[in-house]
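> Quick one: sequence and predicted model below, then my questions.
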Amino acid sequence: MRKLFFTLLLSVSLFVNSCVPDKDIPQNSDKRIISVKFEAGLNDLLSDVVGTIDEENKKITLSSKISFDKALIATFESEGTVYAGSVPQISGVTGNVFGEVFTYRVVAEDGSEVTYYVY
């Protein structure tokens, strides 16, 4: 019985220790929007609206004006998790109502972040 108890205790201890993340593995610090557009078919637009990204100034300039009165769905590619406010964005799914200035926040695995302004 004693042998069974120690075997069980050792097994549980090994299992618990194997579930703890290795703190020596560095987390990724990549955070950027690679591309963004508003597809005509997803947004009831006449044509796609494409964003030109100025990485140095963290500015996204759209190829034409968009409506401020309805939610539009962006299709994007990114490194890191993209947020509009506190809402995580899913490319081709999440809709947002855009104002005169709209921001996307991109958060890396290591918690660092950058903000892009959409014009």
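Received the coordinates, thanks. Numbering: from 1, shown residues only.
> Helices along this structure, start to end?
2-19, 40-43 (DSSP state H).
> Confidence-wise, which of the ones you listed is weakest overall?
If you rank those by mean pLDDT, helix 2-19 sits at the bottom with a mean of 57.
> quick one: low-confidence ranges for the protein?
For the chain, applying pLDDT under 70 flags the ranges 1-23.
> Can you pull up the most central residue in it?
The centroid of the chain falls nearest to Thr81 when counting by CA atoms, centre = their mean (1.9 Å).
> That one - nearest residue in space that isn't next to it in sequence?
Excluding the flanking residues, the one nearest Thr81 by CB to CB, 6 or more residues apart in numbering is Val107, at 5.0 Å. Any C-beta I mention is one placed from the backbone N, CA and C, and that applies to glycine too.
> Could you do Arg105 as well?
With CB to CB, 6+ apart as the criterion, Arg105 has its nearest non-adjacent residue at 4.5 Å, and that residue is Tyr83.
> What of Gly99?
Nearest residue to Gly99 in three dimensions, chain neighbours excluded: Phe68, at 6.2 Å (CB to CB, 6+ apart).
> surely that neighbour meets Phe98?
Yes. Between Phe68 and Phe98 there is a contact under CB atoms under 8 Å: 6.0 Å.
> Now do stretch 30-44: distance to the chain's middle.
Computed by CA atoms, centre = their mean, to the nearest Å, the separation of stretch 30-44 from the middle of its chain amounts to 12 Å.
> All set now, cheers.
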